[in-house]
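Participant: One predicted model, sequence on top.
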Amino acid sequence: MPGHHILTRDATARDTAEQPTEDRGAWVTTGRAARELCLKRTEFNLAVHLGRIRTTRDGGGGRRVARAEIERLRAGPGFPETLRRSVGAVGTTEDAALMEVPKARFTRLARLGLLVPVRFYLNRYRAVVWLYLAEELRLFAADDKNAPLLKGRTPENLRSMLDAGLDLRPRNWRARHLGHLLRQADHPWARAGAVASLLDPLHVSQVVTNPYERSLLSGFREPPPSHGSPGSPAAHIAEDLMTAQDPDEIAWLQADLTRLAQEARQHRPAPHPAPRHPGPARRLPRPVQPARGTPRGLLGRWRHKLS
């Protein structure tokens, strides 16, 4: 896989990075940061996803941006055009034109994992549309080592993999998305939860056997990017794309989860219910013997004489 890079969220607030104590003017909302950086909201979100803009969690569970971070970006060469160009994402048609190759060849290169998608969306037919960074495509096309892949016949070994159904686009996107989740995680259990987000719950349970730890991890599992209402066909497609499929990818993520869970246990064990201490044993009341002379007592003596 390329590039390796119950406690609730409220209960673990003290484990998160300490919130700055400077005056409010030192921090701005993400919406205001996008405006000051001359970015559309989609461009801003992608810049955060790629780690180009650093954010921190605010007290309400959202994100905010330091004023110093905005000033750092605004002081960069060629601002704002350079920043906007670095987060320009395009689809297959534009990608192929940018690299001056047919669409079919571009798709083959992407399926082989040579071009890594940065995000996706579902069109009206619920088909997955992958988007790529234009900046990365320019660099790929400009590299002389890639010239044989852009022109001429595709090598036989690569054609055989394509014929066998190879498609590394979802896997490469997951690797890139995991990098984003880990950058956003601010304490050990959140980092473990980021890795668990890409695994089926069954695969999580194979390496995290403690049910209380799994319950804790589930609170930090990130949902897939929103596509359609929960439970809709589009949401199911997004969930499938978010979940590791290949055995070697699953094994790699499980190994990472094992390591991160161990680090998290050392930092703070998962909470367990308080033990229930048994109280003093209850003494059963002694059976009451019928008094002599009562109907039950007389009946008993009469039956004894008959026997």
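Facilitator: Looks like it came in fine.

Participant: Could you pull out the strands in the stretch 1-150 of the chain for me?
Facilitator: 27-29, 56-57, 63-66, 89-90, 119-122, 128-133 (DSSP state E, counting those that start in this stretch).

Participant: I'd like the ones you listed laid out as JSON lines, including mean pLDDT, distance to G76 and mean neighbour count.
Facilitator: In short, each C-beta sits where N, CA and C put it, glycine included. Below are the strands of the stretch 1-150 of the chain laid out as JSON lines (pLDDT from 0 to 100; distance: least, C-beta to C-beta, whole Å; neighbours: other C-beta atoms under 10 Å):
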{"stretch": "strand 27-29", "mean pLDDT": "93", "distance to G76": "18", "mean neighbour count": "17"}
{"stretch": "strand 56-57", "mean pLDDT": "88", "distance to G76": "20", "mean neighbour count": "17"}
{"stretch": "strand 63-66", "mean pLDDT": "94", "distance to G76": "15", "mean neighbour count": "19"}
{"stretch": "strand 89-90", "mean pLDDT": "92", "distance to G76": "20", "mean neighbour count": "18"}
{"stretch": "strand 119-122", "mean pLDDT": "92", "distance to G76": "23", "mean neighbour count": "17"}
{"stretch": "strand 128-133", "mean pLDDT": "96", "distance to G76": "17", "mean neighbour count": "20"}
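
Participant: export those to JSON lines and tack on distance to G219?
Facilitator: Compiled in JSON lines, these are given as follows (distance: least, C-beta to C-beta, whole Å):
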{"stretch": "strand 27-29", "distance to G219": "25"}
{"stretch": "strand 56-57", "distance to G219": "15"}
{"stretch": "strand 63-66", "distance to G219": "18"}
{"stretch": "strand 89-90", "distance to G219": "31"}
{"stretch": "strand 119-122", "distance to G219": "25"}
{"stretch": "strand 128-133", "distance to G219": "29"}
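
Participant: Poorly predicted segments of the stretch 51-200 of the chain, please.
Facilitator: Counting by pLDDT under 70, the stretch 51-200 of the chain contains no low-confidence range.

Participant: meant to ask about the stretch 201-307 of the chain, not that
Facilitator: Looking along the stretch 201-307 of the chain with the criterion set at pLDDT under 70, you get 277-307.

Participant: Spell out, range by range, the helices that occur in it.
Facilitator: Secondary structure of the stretch 201-307 of the chain (DSSP state H, counting those that start in this stretch): helices located at 201-207, 211-218, 233-242, 247-267, 295-306.

Participant: what about A66, distance to D186?
Facilitator: With distances taken as C-beta to C-beta, to the nearest Å, A66 is found 15 Å from D186.

Participant: Surely R52 touches R85?
Facilitator: No: with contact defined as C-beta atoms under 8 Å, R52 does not count as touching R85 (11.5 Å).

Participant: between the helices of the stretch 201-307 of the chain, which one is nearest to A110?
Facilitator: A110 lies closest to helix 233-242 among those, at 14.4 Å (C-beta to C-beta).

Participant: List the buried residues in the closest one.
Facilitator: A235, I237, A238, L241, M242 (16 or more other C-beta atoms under 10 Å).

Participant: Including distance to V48, could these go into JSON lines?
Facilitator: What follows is the buried residues of helix 233-242, written out as JSON lines (distance: C-beta to C-beta, whole Å):
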{"residue": "A235", "distance to V48": "23"}
{"residue": "I237", "distance to V48": "24"}
{"residue": "A238", "distance to V48": "19"}
{"residue": "L241", "distance to V48": "20"}
{"residue": "M242", "distance to V48": "18"}
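
Participant: With respect to P271, which of the residues you listed is nearest?
Facilitator: Of those, the one sitting nearest to P271 (C-beta to C-beta) turns out to be M242, at 27.2 Å.

Participant: List the residues that contact the closest one.
Facilitator: Each residue near M242 by C-beta atoms under 8 Å, 6 or more residues apart in numbering is listed here: R174, H177, S197, L198, P223, P224, P225.

Participant: Taking those residues, tell me the two that lie furthest apart.
Facilitator: Most distant of these, by C-beta to C-beta, are R174 and P223, 13.9 Å apart.

Participant: of the two, who's got more company?
Facilitator: R174 (20 against 11; other C-beta atoms under 10 Å).

Participant: Need the nearest residue in space to the more buried one, chain neighbours excluded.
Facilitator: In this structure, R174 finds its nearest non-sequential neighbour in L198, 5.5 Å apart by C-beta to C-beta, 6 or more residues apart in numbering.

Participant: Appreciated, that's everything.
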